[in-house]
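K.L.:
mind looking at a prediction? Sequence and model below.
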Amino acid sequence: MASNIHSSKKCASDKTIMDITQIIEPLNNAQRQAVTAPSKALLILAGAGSGKTRVLVHRIAWQIQVEGVAAHNILAVTFTNKAAKEMRHRIEQLLNVPTQNLWIGTFHGIAHRLLRRHAKSARLPETFQVMDSSDQLRLIKRLLISLNLDESKWPPREAQWFINAQKDEGIRAKHMLDSHDYHQNQMLAIYRAYEDLCDRSGLVDFAELLLRAHELLRDNLDLLEFYQHRFKHVHVDEFQDTNTIQYAWLRLLTDNKDNLFVVGDDDQSIYGWRGAKIENLYSFQKHYPNNEIIKLEQNYRSTGTILKAANHIIANNSGRMGKELWTDSGDGDPCYLYSAFNEQDEAFFVVERIKNWIKEGGLRSETAILYRSNAQSRQFEEKLMATGTPYRVYGGLRFFDRAEIKNALAYLRLMNNHHDDASFERIINTPTRGIGAKAIDEIRTIARDQNQSLWTSTISLINNKALTPRATNALISFLELIKNLAIKSEEISLFEKVELVIEQTKLIEFYKKDKVDKGDEKIENLEELVNAAKLFDFDSNNEEGMNELNMFLTHASLEAGDNQSDESEDCVQLMTIHSAKGLEFKTVFLVGMEDGLFPSQQSIDDLSRLEEERRLCYVGMTRAMQILYLSYAESRRLYGRESYPRPSRFIREIPVELIQEVRIRANISKPVTQSPTKSPSLSEESTFKLGQRVHHGKFGEGIVLQLEGSGNQERVQINFSGAGMKWLMISYAQLEKI
């Protein structure tokens, strides 16, 4: 057994005795088994926080130092440059030798290396250029112009998404047939033209790197045999995140061999929306019959209670390969559950708990607020700013810094002031309306030469008929749009102004077509901007001489940009749960735990998507090292709509003995198990009594079970006959006594 391995061993190459303590001593039994296993197809099922990187590093070190494998015979593939760099550094530290001969890199990096070495065999010029995503998008935009296709009808991002999706599946345009679907046929025509243009220009996009590298080996048997012989051992990190073409490439390299060592976790497969195939994990045993599965279940990150809760949730997924995380560090605190009246109460609670953590000596950077949707960040940002608590939105932009929000605000600003050049330039062709770069350059030139605004210069060019008829008509329509918005918004409220702008400018329709750059998320953020306007506190922000719109625009400007903390500063971390994968924090707040939000509404009736949401919940919970808070709101205004959601089904999947419900500090808190008419502890000022029957406009009739808080913070728990148990804030709930 691996656990019985001694601290010295004969090296396979020189038969001398060597000390291998540093390789195996830091490992637990399961890790040692994985590191020292004989060469075969190995799937290391590595749970969250179980030391998967350590196993990969020590496996490679074992092969080099103990089995005598030459460094150039080893290939290790990761998903990020950061992971590849860390792996190389740790191997060098462990062996105390340089590792320049090791092929360690990302899938794209290794593919690029192969194509550079064998450009001619790959049917590429030696000087081929790699395009990043933005370069690719610009090329597609030029292509659409050459094909006389209107960007508003055929959005470049949609074409980009279509092309990359086909390549990720290993599908060339020549493999696809015309269909009866006009839209599909047009996308295919764009794909064909795009491939021709790239071939003529010697250009390669990211998806092409993988596809072309696969074709290089598939179509050149001598090369394939060379690399199959060279890479005697192939290692893969985060195997559950591989897509179709990546797995096909790996299978080519390891065909008919048992030299593939993969580390992955089906319970952490959360990227199906971007092409990752969890099926690759399940297919491993079929494609490599002489395989062995080793499970890493000992967790070195979280407390026992957090792990038990996460295990119970993920156990509801079907078809799992099966494992159960455990720790020997003790159970720790229960999972804390907070039922908020609304999203503002939720944000207030979270920020107050963070302040308490800091008072007790904790660091802000040790706390993280995790949410399902980026639109949820706004409430927490506002509360953190109001309390002077430094924070950073990890892997994303603060709410008012997001492009879609800036676009909507630019319309509001230009509507309010026609001579706001920055706003004019930002939205003149967003959404696209047929105003080309040449026309915009002419407007800029006139404005500079005449020392006047872009708005005034546009009117001059129109009056002088200095532009093409198409550009002139588009500019006239744009100016009329802004003027009409200003007129229509004169007598309506602030949030109605925002709604009007988003609707009339067709920003929603514009982002609906964006299938590449998280269009749905941008729409959610725009709808949340309406909510921000509805909740804007004009009185507390008011300055003499400023109307509500000006104050709101000023508020948005002050909340954008430099207010976000630097990466090096001790600050609270805000992020989506997707962004949190691979990170850990002493205290985690998993917020918005409501059906329809998490899990998302789109996934509730789709078993496959629901199970990915459950895996996402599992990932979020296992980011917590010591303290885990789960919170949900009885009512929530999100995306501009008021809702009364049920607590997330994921909460209901946690055993009650692992949860402690958090109550706000109160002078009223008593269960209904005692007589409601003879309770001396109840305040005489309380609006309601325990056991009293009440009526709510949405939930119907119910019975008061608990009361807590006082004044504006007084809450009541009611068991409604139709809607079940609800906590409501009395000052908002409009309850009627029966």
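P.N.:
The structure has been received and is ready for your questions.
K.L.:
the helices in the stretch 351-500 of the chain, which residues?
P.N.:
Read by DSSP state H, counting those that start in this stretch, the stretch 351-500 of the chain holds these helices, from start to end of the chain: 377-386, 403-416, 421-427, 437-450, 454-463, 469-488, 494-504.
K.L.:
poorly predicted segments of the chain, please.
P.N.:
Along the chain, the parts satisfying pLDDT under 70 run over 1-19, 515-518, 537-546, 557-568, 639-640, 664-686, 710-713.
K.L.:
give me phi/psi at Met729?
P.N.:
Backbone torsions for Met729, taken as degrees, to the nearest 10, come to phi -80, psi 120.
K.L.:
that one contacts Asp345, doesn't it?
P.N.:
Yes - between Met729 and Asp345 there is a contact at 7.0 Å, judged by CB atoms under 8 Å. Quick note: C-beta positions are derived from backbone N, CA and C, even for glycine.
K.L.:
who has more neighbours, those two?
P.N.:
A count of neighbours by other CB atoms under 10 Å puts Asp345 above the other of Met729 and Asp345, at 23 against 19.
K.L.:
the more buried one: which element?
P.N.:
Secondary structure from DSSP states H and E places Asp345 in helix 343-359.
K.L.:
extract the CA atoms of stretch 108-125 and return them as PDB.
P.N.:
Taking C-alpha atoms only, stretch 108-125 is exported to PDB below (Å, rounded to 0.1, in the frame of the first residue of the first chain):
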ATOM      1  CA  HIS A 108      -4.300  26.900 -25.400                       C
ATOM      2  CA  GLY A 109      -0.600  27.500 -24.600                       C
ATOM      3  CA  ILE A 110       0.400  23.900 -25.400                       C
ATOM      4  CA  ALA A 111      -1.700  23.900 -28.600                       C
ATOM      5  CA  HIS A 112       0.000  27.200 -29.600                       C
ATOM      6  CA  ARG A 113       3.400  25.600 -29.000                       C
ATOM      7  CA  LEU A 114       2.600  22.600 -31.200                       C
ATOM      8  CA  LEU A 115       1.300  24.800 -34.000                       C
ATOM      9  CA  ARG A 116       4.500  27.000 -33.900                       C
ATOM     10  CA  ARG A 117       6.700  24.000 -34.200                       C
ATOM     11  CA  HIS A 118       4.700  22.400 -37.000                       C
ATOM     12  CA  ALA A 119       3.000  25.400 -38.800                       C
ATOM     13  CA  LYS A 120       3.600  23.900 -42.200                       C
ATOM     14  CA  SER A 121       2.000  20.600 -41.300                       C
ATOM     15  CA  ALA A 122      -0.900  22.500 -39.700                       C
ATOM     16  CA  ARG A 123      -1.400  24.400 -43.000                       C
ATOM     17  CA  LEU A 124      -0.500  27.700 -41.400                       C
ATOM     18  CA  PRO A 125       2.100  30.300 -42.400                       C
END
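K.L.:
give me the residues contacting that stretch.
P.N.:
75, 77, 81, 84, 103, 105, 126, 128, 130, 202, 204, 206, 209-210, 212-213, 215-217, 220, 223, 227, 249 (CB atoms under 8 Å, 6 or more residues apart in numbering).
K.L.:
now do the strands in the stretch 501-650 of the chain.
P.N.:
Using DSSP state E, counting those that start in this stretch, the strands found in the stretch 501-650 of the chain span residues 572-576, 585-590, 624-633, 636-638, 641-643.
K.L.:
number of residues surrounding Lys40?
P.N.:
For Lys40, using other CB under 10 Å, the count is 14.
K.L.:
can you report how many residues lie near the nearest residue in space to it that is not next to it in sequence?
P.N.:
Residue nearest to Lys40 in three dimensions, not counting chain neighbours: Asp258, with 4.3 Å by CB to CB, 6 or more residues apart in numbering. For Asp258, the neighbour count with other CB under 10 Å is 16.
K.L.:
for Asp258, give its distance to Arg444.
P.N.:
In this view, Asp258 and Arg444 are 64 Å apart by CB to CB, to the nearest Å.
K.L.:
to Lys438, which of the strands of the stretch 501-650 of the chain lies closest?
P.N.:
strand 572-576 (39.6 Å; CB to CB).
K.L.:
output that closest one as PDB, nothing but the C-alphas.
P.N.:
Presented in PDB, the C-alpha positions along strand 572-576 are these (Å, rounded to 0.1, in the frame of the first residue of the first chain):
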ATOM      1  CA  VAL A 572     -14.200  42.800   1.800                       C
ATOM      2  CA  GLN A 573     -14.500  40.600  -1.300                       C
ATOM      3  CA  LEU A 574     -17.600  40.600  -3.400                       C
ATOM      4  CA  MET A 575     -18.100  38.100  -6.300                       C
ATOM      5  CA  THR A 576     -20.300  35.700  -8.100                       C
END
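K.L.:
same for it, what does it pack against?
P.N.:
For strand 572-576, the helices and strands in contact under the criterion 3 or more CB pairs under 8 Å, 6 or more residues apart in numbering; DSSP states H and E are strand 367-371, helix 377-386, strand 391-393.
K.L.:
tell me which of those sits most buried.
P.N.:
Most buried of the helices and strands packed on strand 572-576 by mean neighbour count (mean count of other CB atoms under 10 Å) is strand 367-371; its value is a mean of 26.
K.L.:
so how far is it off the chain centroid?
P.N.:
Here the centre of strand 367-371 is set off from its chain's centre by 13 Å, with CA atoms, centre = their mean, to the nearest Å.
K.L.:
pull the contacting residues for the residue lying closest to Arg90 once chain neighbours are set aside.
P.N.:
Closest residue to Arg90 apart from its sequence neighbours, by CB to CB, 6+ apart: Val57 at 4.6 Å. The contact partners of Val57, taken as CB under 8 Å, 6+ apart, are Met87, Arg90, Ile91, Leu94.
K.L.:
understood, closing this out.
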